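**Student:** I'd like to go over a predicted model; first the sequence, then the structure.
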Amino acid sequence: MPRFLKSERLKRSVEFKAVFQQCRKLEDKNLAFYVQFSEDAGLRKFGVSLGRALGKAHLRNRLKRRLREIYRVEKERFRGGYQIILLPRRGSADRTFEELRHSFLSLSTRAGLFPRMG
């Protein structure tokens, strides 16, 4: 079972700013998905950023846990060399786990995170 290691987390403001400066942005009704690709195939970083507009602390924390769990399960399918930041949209705290997972996978596919077949 894959683990979400501390070394895979984007934590510091400087790390988030670096990704935001040189990234590709994709979005749907639930998530804004920022991805920055790197030549280093071993680079795999993930972060979630939410504001108070998404609801009270317990709702924001539950949403962060759900998004991290979706990433943890799906990350083994991604090709290496990326940094991802997720920004949930308003109302995404009310979405089901499956709706969030579908949004995440759809945006991951559009971003080109899955290896090419063939």
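**Tutor:** Cool, got the structure. Residues are numbered from 1 along each chain as shown.

**Student:** Leaving out chain neighbours, which residue sits closest to R52?
**Tutor:** R60 (7.7 Å; CB to CB, 6 or more residues apart in numbering). (Each C-beta comes from the backbone N, C-alpha and C, glycine too.)

**Student:** got a pLDDT number for the one you found?
**Tutor:** What the model reports as pLDDT for R60 is 95.

**Student:** same question, G118
**Tutor:** According to the model, G118 scores 52 on pLDDT.

**Student:** go on, S49?
**Tutor:** S49 is given a pLDDT of 95.

**Student:** doesn't N30 make contact with E99?
**Tutor:** Yes: under the criterion of CB atoms under 8 Å, E99 makes contact with N30 at 6.6 Å.

**Student:** And these two? Which one has more around it.
**Tutor:** N30 (21 against 13; other CB atoms under 10 Å).

**Student:** Next one, pLDDT for that one please.
**Tutor:** 95.

**Student:** Show me what the strand or helix carrying E74 is packed against.
**Tutor:** Assigned by DSSP states H and E, E74 falls within helix 57-74. For helix 57-74, the packing partners by 3 or more CB pairs under 8 Å, 6 or more residues apart in numbering; DSSP states H and E come out as strand 44-48, strand 82-88, helix 97-111.

**Student:** I'd like the ones you listed written out as JSON lines, with distance to M1 added.
**Tutor:** Below are the helices and strands packed on helix 57-74 laid out as JSON lines (distance: least, CB to CB, whole Å):
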{"stretch": "strand 44-48", "distance to M1": "17"}
{"stretch": "strand 82-88", "distance to M1": "20"}
{"stretch": "helix 97-111", "distance to M1": "17"}
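
**Student:** for these, which one sits closest to L54?
**Tutor:** Smallest distance to L54 across those (CB to CB): 6.1 Å, for strand 82-88.

**Student:** in its sheet, what does the closest one sit against?
**Tutor:** strand 31-37 (antiparallel), strand 44-48 (parallel) (DSSP bridges).

**Student:** How far off centre is the first one?
**Tutor:** On the basis of CA atoms, centre = their mean, to the nearest Å, the separation between the geometric centre of strand 31-37 and that of its chain is 7 Å.
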